[in-house]
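Enquirer: Sequence plus predicted model, see below.
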Amino acid sequence: MAKFGKWIGGGLGWTFAGPIGAILGFAIGSMFDNAQVIQTENGRPFRSQTRAGDFGVSLLILSAAVMKADGKVLKSELNYLRQFFTRQFGAADTAEKMQLFKEILKQRVDIQQVCVQIRDNMTLHSRLQLIHFLFGISKADGHVDRREVNQIELISRYMGIGAREFLSIKAMFYKDANAAYQILEINDNASDSELKKAYRKMAVKYHPDKLTHLGPEFQKAAKEKFQKVSEAYEIIKKERDIR
């Protein structure tokens, strides 16, 4: 438990309550017979604002749900997850997280309950970042599997994310002729002034500073999403010859 305690004890707040806490506790218990439950002085589960540990555990659980949606867990998907955590935390911490992830994969998860807990405890910006990462996993093997996309859409709805916001992130990964407009959450008949207004709005919504509460590790991933917004704006500007 000592090595996991460094990550879990240092980062987790509300995950030790509700369905996410139960999933995590079972996974750790499967690895360590003497797993300890972190508690406050009064013996109640520790609850706090969302932290990096909460986001990380939520990410592992939702990633497992998406990977299993098509009935198989691909090596390319596991590599994507491993590479993501390696970039954010380094190889040593990633090895621990992947060990925990293997235990989470073995569990049957009520995804609706998990998503409701996330919705009630995470900011919108954090939830949008989760959806962005899940789409990355879905496309890790270069193949678009409809069952995985449907699972992400279901997760998005359960987490209280609007349809336009979902389609915006989806368009960052599954390109079509209208993708740039979808990313900015506008129609292709929007005026130039509406386009500029939409870009400013999206730039604020997806700015990496919105995830400062999760620490610098996850801000790195947020920058990728922010860049997609800027790229979409530049594509439309070029198409319309806007200076």
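Expert: Alright, I've got the coordinates.
Enquirer: chain center to the top helix by length along the chain, what's the gap?
Expert: Criterion DSSP state H: the longest helix present in the chain is helix 216-240. Distance of helix 216-240 from the chain centroid (CA atoms, centre = their mean, to the nearest Å) equals 17 Å.
Enquirer: and it, what does it pack onto?
Expert: With contacts defined as 3 or more CB pairs under 8 Å, 6 or more residues apart in numbering; DSSP states H and E, helix 216-240 has these neighbours: helix 52-67, helix 75-89, helix 124-138, helix 179-183, helix 192-205. For the C-beta atoms, the positions are set from N, CA and C on the backbone; glycine is no exception.
Enquirer: Pull the residues that contact it.
Expert: 52, 55, 84, 87-89, 128-129, 132-133, 169, 171-172, 179-181, 183-184, 192, 195, 199, 202-203, 206-212, 242 (CB atoms under 8 Å, 6 or more residues apart in numbering).
Enquirer: Closest to the mean position in the protein, which residue would that be?
Expert: The centroid of the chain falls nearest to residue 130 when counting by CA atoms, centre = their mean (1.5 Å).
Enquirer: and it, what is it in contact with?
Expert: If you count contacts by CB under 8 Å, 6+ apart, residue 130 has them with 55, 58-59, 62, 118, 122, 159.
Enquirer: Which members of those residues are classed as buried?
Expert: Taking 16 or more other CB atoms under 10 Å as the criterion, what is buried in these is 55, 58-59, 62, 118, 122, 159.
Enquirer: Tell me the confidence at the spatially closest residue to residue 145 that is not a sequence neighbour?
Expert: Leaving out its chain neighbours, the residue that sits closest to residue 145 by CB to CB, 6 or more residues apart in numbering is residue 70, at 4.8 Å. According to the prediction, residue 70 has pLDDT 85.
Enquirer: Quick check: the gap between residue 70 and residue 150.
Expert: 10 Å (CB to CB, to the nearest Å).
Enquirer: The two - which one has more neighbours?
Expert: residue 70 (17 against 12; other CB atoms under 10 Å).
Enquirer: residues touching the more buried one, list them.
Expert: 145, 147-148.
Enquirer: Kindly report the same for residue 182.
Expert: Contacts of residue 182 (CB under 8 Å, 6+ apart): 167-168, 170-171.
Enquirer: of those, closest to residue 27?
Expert: residue 170 (29.4 Å; CB to CB).
Enquirer: Let me know how buried the closest residue to that closest one other than its chain neighbours is, in neighbour terms.
Expert: Once flanking residues are discounted, residue 170 sits nearest to residue 135: 6.4 Å by CB to CB, 6+ apart. Neighbourhood size, residue 135 [other CB under 10 Å]: 22.
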